[in-house]
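Q: Predicted model and sequence follow; I will ask about them next.
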Amino acid sequence: MKRGVEARVVAATLLQRVIDEGAYSNVVIRTGTQDMERRDALFVQLLVYTAIRYLGRIDRTIDQRVSREIDPVVRAILRVGVAEILFTDGEPHAVVDSAVEATRALDVPRASGFVNGVLRNVARHGEPPLPDGPSGEALRVGVPEWLYHGLASAYGIDTATAFFDASNMPTQIGVRRRSGEPPGTAVRGIDNAFMLDELTGHRDAITNGDLVISDPSSTAVAAALDPRAGDRILDLAAAPGGKSLHLSDLVGGQGLVVAMDRHGRRAAIARQRTQRWGADIQWVVGDAVAPPFAHATYDRVLLDAPCTGLGTLRRRPEIRHRIHEGSAAEAGQLQRRMLEAALPLLRPGGRLVYSVCTVTPEETSGVVEGTGSRAPTGLPGETLDGGLLLAPHITGSDGMFVAVIDR
């Protein structure tokens, strides 16, 4: 199989797994390209992420030209081809030829003429004009209209547009330094947070625990908790354990770090991972809605709550296709229950940090309303009601809301 054809076959296969089977894009891209040369793997990643981000516009372009039912494999080939023609600098003739070859490689050779005709039409005529107004802007940035309208209503059109545009851009890899020399570009205002263009040259440091893959926004969360030597610390929704490890590093073994997660398997994996890197963390299986701890037990409590995850759209673009109009409100109700259960666990003079890797009002300021929360000091971002927002258009990081509650 020709090199360019193989990349497009892999991209179509992975795209179908994400869109039709519910797989996570970052996982299938990592596993599906592990035996490919780096250049080809990056090309596959570009095609898959582009197709996911602009799926609405791509399907709209295809469906304007096709009136019949399309086989899922054929649609995946078309989606990758249209994504490349409309949103990359791929040469249209090469795109069409490779897509036709992909039909044979993916065992749908009878569709070769059909794929050829559709893609040549797209190459000649391009994308249909987008409608005016909010619906057109939502299509342009590749999100459901209700989602665009919700953020525009909360933060203004310019901010919503800036957030989604930034969320559609490629991102560097965030790491937290635990020891050793500075590995890359330091992130201003967040200690030991760095950004890398690639992991090549740093894999040994990651394997031995000198570096931990962590977006700067996640590194900022533990910093906001500001634990001190001797503190009793609780991380209430801890797996996969990156923030628990950071908290353990901050107290340097001079304190108690308890990490809890409701999923026993995830907690076990996180325990093995953090132990391998020398962290002294006590792992517990439990539900943050009803934590199995006595009141006034901890000096520091972290509630990094489950959420819609919209702050991670750059790395998991499929989230936009998996949430619905009530997702943020449903998540906010659960988050508030967790927060109400967490606050009594604090000792007098203690501190709780509430964080979520999303930006919706229902999951951020709406959850901490009435708790006396504030934005952490000394960190980059924009202050919201009761907290701080880090986001790709503000700090170049993932989206993260961080609120401090002192007792």
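A: Everything's here; your move. Just so it is clear, the model here is predicted, and its values are computed rather than measured. Numbering: from 1, shown residues only.
Q: Following element in sequence after the longest strand along the chain, please.
A: The longest strand of the chain (DSSP state E) is strand 346-356. Heading C-terminal from strand 346-356, the first helix or strand you meet, by DSSP states H and E, is helix 365-368.
Q: Distance from the chain centre to that next one, please.
A: From the chain centre to the centre of helix 365-368 is a distance of 21 Å (C-alpha atoms, centre = their mean, to the nearest Å).
Q: I'd like the next helix or strand past it.
A: Next element after helix 365-368 (DSSP H and E): strand 382-384.
Q: pretty sure Val175 is touching Gly209, no?
A: No - between Val175 and Gly209 there is no contact under C-beta atoms under 8 Å: 11.6 Å. All C-beta spots, glycine's among them, are computed from the backbone N, C-alpha and C.
Q: for whichever helix in the chain runs longest, which positions count as buried?
A: Identified as the longest helix of the chain according to DSSP state H is helix 3-21. Neighbour counts over helix 3-21 (16 or more other C-beta atoms under 10 Å) mark 4-19 as buried.
Q: same deal with stretch 223-238?
A: So for stretch 223-238, counting by 16+ other C-beta under 10 Å, buried means Ala223, Ala224, Leu225, Pro227, Asp231, Arg232, Ile233, Leu234, Asp235, Leu236, Ala237, Ala238.
Q: Can you give the domain ranges for the chain?
A: For the chain, the structural domains run 3-125, 133-167, 215-406, going by automatic domain parsing.
Q: Report how many residues lie close to Arg38.
A: Neighbour count of Arg38, defined by other C-beta atoms under 10 Å: 10.
Q: Likewise for the one 3 residues further on?
A: Number of residues near Ala41 (other C-beta under 10 Å) recorded here: 18.
Q: contact partners of stretch 333-340?
A: 236-237, 288-289, 303, 305-307, 352, 354, 356, 363, 367-368, 371 (C-beta atoms under 8 Å, 6 or more residues apart in numbering).
Q: again with stretch 379-393
A: Defining contact as C-beta under 8 Å, 6+ apart, one finds that stretch 379-393 is touched by 159, 162-163, 165-167, 169, 171, 187-190, 216-217, 220, 223-224, 311, 314, 354, 359, 364-365, 368-369, 371, 373-376, 394-395, 397-404.
Q: Weed out the non-buried ones from those residues.
A: Buried among the contacts of stretch 379-393 by 16+ other C-beta under 10 Å: 159, 162-163, 166-167, 171, 187, 190, 216-217, 220, 223-224, 311, 314, 354, 359, 364-365, 368, 371, 373, 375-376, 394-395, 397-404.
Q: So which of the residues you listed are in strands?
A: Tyr354, Met400, Phe401, Val402, Ala403, Val404.
Q: can you give me the offset of the longest strand of the chain from its chain's centre?
A: Remark: strand 346-356 is offset 25 Å from the chain centroid, using C-alpha atoms, centre = their mean.
Q: returning to that earlier point: of the buried residues of stretch 223-238, closest to Gly326?
A: Nearest to Gly326 out of the buried residues of stretch 223-238 is Ala237 (C-beta to C-beta; 21.5 Å).
Q: and that closest one, what does it touch?
A: Contacts of Ala237 (C-beta under 8 Å, 6+ apart): Met260, Asp261, Arg262, Ala288, Leu303, Asp304, Ala305, Pro306, Met338.
Q: From those residues, which land in strands?
A: Met260, Asp261, Leu303, Asp304.
Q: roughly how far apart are the third one and Trp146?
A: Distance check for Leu303 against Trp146: by C-beta to C-beta, to the nearest Å, it reads 28 Å.
Q: Neighbour count: these two, which is higher?
A: Neighbours per residue, other C-beta under 10 Å: of Leu303 and Trp146, the larger number sits with Leu303, 25 against 13.
Q: Was I right to think the more buried one contacts Leu236?
A: Yes - using C-beta under 8 Å, Leu303 is in contact with Leu236, at 4.9 Å.
Q: just to revisit the earlier point, for the longest helix of the chain, name the packing helices and strands.
A: Judged by 3 or more C-beta pairs under 8 Å, 6 or more residues apart in numbering; DSSP states H and E, the packing partners of helix 3-21 are helix 25-32, helix 38-53, helix 72-87, helix 92-105.
Q: just checking, next helix/strand downstream of the second one?
A: Put plainly, it is helix 38-53. helix 55-65.
Q: Dump the C-alpha coordinates for that next one into PDB.
A: The C-alpha coordinates for helix 55-65 follow below in PDB (Å, rounded to 0.1, in the frame of the first residue of the first chain):
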ATOM      1  CA  LEU A  55     -17.800  17.200  11.200                       C
ATOM      2  CA  GLY A  56     -21.000  19.200  10.800                       C
ATOM      3  CA  ARG A  57     -19.500  21.200   8.000                       C
ATOM      4  CA  ILE A  58     -18.100  18.200   6.300                       C
ATOM      5  CA  ASP A  59     -21.300  16.200   6.500                       C
ATOM      6  CA  ARG A  60     -23.200  19.200   5.200                       C
ATOM      7  CA  THR A  61     -20.900  19.400   2.300                       C
ATOM      8  CA  ILE A  62     -21.200  15.700   1.500                       C
ATOM      9  CA  ASP A  63     -25.000  15.500   2.000                       C
ATOM     10  CA  GLN A  64     -25.500  18.500  -0.400                       C
ATOM     11  CA  ARG A  65     -24.100  16.300  -3.100                       C
END
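Q: what's it packed up against?
A: Counting contacts by 3+ C-beta pairs under 8 Å, 6+ apart, helix 55-65 packs against helix 72-87, helix 112-125, helix 133-141.
Q: for Leu389, helix, strand, or coil?
A: Of the three states, Leu389 takes strand according to DSSP: H, G, I helix; E, B strand; the rest coil.
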